[in-house]
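A.B. asks: Need a 3D model of the sequence below.
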Amino acid sequence: MRPLKTLVVNVCVIAVVLMLLGSVNAKEEELMNKTEFILRPIGLVHKEKAQATLILNKEFEPALLGLDGFSHVWVFYWFDRNDTPKKRSTLQVHPKRDRTNPLTGVFACRSPARPNLIGVSLCRVVSVKGNVVEIDKIDAFSNTPILDLKPYIPDGDSAQASIPDWLKHPKK
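C.D. replies: Modelled structure (predicted):
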């Protein structure tokens with residue numbers, strides 16, 4: 001496995017809290033813009049032909065204890081091949097790169113172009129062996145850095161959802 005670079009991510013968790021509490025003043029806005037978190041990948045996505053695996057760094061193998069009891073896992077990863085100033089500054093896109101879909105904010109779609117290049121996929125767990133989690137498939141490239149894994153828990157992770165019209169009727 002190739003060495004993994006430290007990923008520096010501007011994450012505005014404080015912004016979310018402050019927005020929930022009310023308006024943001026100038027001092028709070030300055031604090032939001034200066035807050036940085038350092039994320040270190042825990043492993044890499046590996047894809048070969050029809051097989052997809054999550055290969056974690058050996059030090060994280062103990063953290064997989066019990067994951068084999070879950071049918072699905074949320075995989076959080078970094079869109080490392082999209083990390084450019086232009087992609088990070090993109091705030092609106094036509095979903096699925098289809099110009100017939102309406103212009104949509106990146107927080108309202110799954111575009112890989114976004115301020116923080118965090119991707120998430122729900123994957124079926126096939127097996128867990130050592131530091132390797134075999135999954136059915138993932139919407140990430142091989143060698144994509146993995147940031148975190150969280151088990152899918154139906155009571156907390158499912159909801160009665162509504163979606164926009166452009167997603168209800170996918171184009172053929």
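A.B. asks: so how far does stretch 141-156 reach from one end to the other?
C.D. replies: Using C-alpha to C-alpha, to the nearest Å, the end-to-end distance of stretch 141-156 comes to 28 Å.
A.B. asks: Mind listing the strands the longest strand along the chain pairs with, and their directions?
C.D. replies: For the chain, the strand with the greatest residue count under DSSP state E is strand 118-129. According to DSSP bridges, strand 118-129 forms sheet pairs with strand 72-78 (antiparallel), strand 132-135 (antiparallel).
A.B. asks: Just list whatever residues bridge to the residue most central in space within the chain.
C.D. replies: Closest to where the C-alpha atoms of the chain average out (C-alpha atoms, centre = their mean) is residue 119, at 2.3 Å. Beta-bridge partners of residue 119, counted by DSSP bridges, are residue 77.
A.B. asks: ok so, going back, please name whichever of the strands paired with strand 118-129 is nearest to residue 98.
C.D. replies: strand 72-78 (23.6 Å; C-beta to C-beta). The way it works is simple: take the backbone N, C-alpha and C, and place the C-beta from them, glycine included.
A.B. asks: Right, I'll call it a day here.
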